[in-house]
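Colleague: got a structure for you, letters missing:
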């Protein structure tokens, strides 16, 4: 493995530099995001990038926007259409996304003609349409499995949780791959994510299980590539309340011989309260963890769903 692609001691996130408070916007200002800096910054190192500054546009600089075909837009000056930085941005982007190293996620600046992940305005003869920014497009093309999100969408609890779940899972995979992945470790990785995967869809979980069953019979490199692609796609699918309830009942099944009638009734009541959106998911999970501490089960103790790493626990569930 190339040195630059080895995971660092702390997980790293690529990020639009303005979100860290760097004054790199076209008007000399920034877009400091306090959640990113104050909360995520406690657990992640950042790799800041500002494509416009990197190609020498300066600070301040003439604003640019996207025009033409949304599939192949051009980045030109808002006031001076003769200012065309498309080729410079494209060349830089293609080089930069190859040099990011072992990042486990990326946070992009929304609406930016270079960094917007989606719904960036594109002006053309057919009216206003939308696309991704030039740098964002290059990033997502070069790293299709990398968890990517925009800072504005992190304000949505569901989208934020999904992004963080994918980031931490991708980081676990990076560490495993860097140490040298074996067929047995692939089986274990799949096993420890069983409940997490079930929350995103039974069919995807079963499809991944069929891939894992081929461990030891297929070339490992091809198998792990297929597995990681399907694994990250599975996690990107929304974990609905109905799916979460099915997982909670599945986990409860491992306690059916240990819990008395009152404990079972209490746990079922809490799961029902979650299903009816009267309590958050952390409530039934916390109660399940309480019972598994009293009645340990080796398989359930390994489940990331119930026992995520400390950093993931804090960011996704408030440290409960």
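Modeller: It's in. What you see is a predicted model, and the numbers here were worked out from it, not measured in a lab.

Colleague: Residue 268 - nearest residue in space that isn't next to it in sequence?
Modeller: The shortest distance from residue 268 to any non-neighbouring residue, by CB to CB, 6 or more residues apart in numbering, is to residue 252 (7.7 Å). Glycine gets a C-beta too; all of them are placed from N, C-alpha and C.

Colleague: Now do the buried residues in the helix or strand harbouring the one you found.
Modeller: For residue 252, the element it lies in under DSSP states H and E is helix 241-252. Across helix 241-252, burial judged by 16 or more other CB atoms under 10 Å covers 243-245, 247-248, 251-252.

Colleague: same check, this time on stretch 132-146
Modeller: Under 16+ other CB under 10 Å, the buried positions of stretch 132-146 are 132-140, 143, 145-146.

Colleague: Farthest pair within those?
Modeller: By the measure CB to CB, 134 and 145 form the most distant pair in these, at 20.7 Å.

Colleague: circling back to that earlier point, nearest to residue 193, of the buried residues of helix 241-252?
Modeller: residue 247 (11.8 Å).

Colleague: Do me a favour and get the end-to-end distance for stretch 48-68?
Modeller: Stretch 48-68 has its terminal residues 29 Å apart, counting by CA to CA, to the nearest Å.

Colleague: what is the rounded mean pLDDT of it?
Modeller: Across stretch 48-68, pLDDT averages out at 97.

Colleague: for that stretch, which positions count as buried?
Modeller: 49-55, 57, 61, 64-68.

Colleague: next helix or strand past the helix holding residue 252?
Modeller: Downstream of helix 241-252, the next assigned helix or strand under DSSP H and E is helix 261-275.

Colleague: quick one: that following helix to helix 241-252, angle?
Modeller: 160 degrees (axes from the mean of the first three to the mean of the last three CA atoms, to 10 degrees).

Colleague: Give me the neighbour count for residue 80.
Modeller: Neighbour count for residue 80, taken as other CB atoms under 10 Å: 11.

Colleague: swap in residue 107?
Modeller: 27.

Colleague: again with residue 85
Modeller: Neighbours of residue 85 (other CB under 10 Å): 23.

Colleague: pLDDT at it, what is it?
Modeller: So residue 85 comes in at 98 (pLDDT).

Colleague: got the contact list for the nearest residue to it once chain neighbours are set aside?
Modeller: Nearest non-adjacent residue to residue 85, counting by CB to CB, 6+ apart: residue 75, 5.2 Å away. By CB atoms under 8 Å, 6 or more residues apart in numbering, the residues touching residue 75 are 64-66, 84-86, 89, 113-114, 134.

Colleague: same check, this time on residue 70
Modeller: Per CB under 8 Å, 6+ apart, neighbours of residue 70: 122, 124, 129-131.

Colleague: Narrow these to those that are buried.
Modeller: 122, 129, 131.

Colleague: ok, for residue 80, nearest residue in space, not its chain neighbours?
Modeller: Closest residue to residue 80 apart from its sequence neighbours, by CB to CB, 6+ apart: residue 62 at 6.3 Å.

Colleague: same check, this time on residue 196
Modeller: Residue 196 sits nearest to residue 305 (CB to CB, 6+ apart), 4.6 Å away.

Colleague: how far away is that neighbour from residue 169?
Modeller: According to CB to CB, to the nearest Å, residue 305 and residue 169 sit 11 Å apart.

Colleague: Common neighbours of the two, please.
Modeller: If you check residue 305 and residue 169 against CB under 8 Å, 6+ apart, the residues they both contact are 193, 196.

Colleague: Pull the most distant pair out of the contacts of residue 75.
Modeller: The widest separation within these (CB to CB) is 13.7 Å, between 84 and 114.

Colleague: Noted, bye for now.
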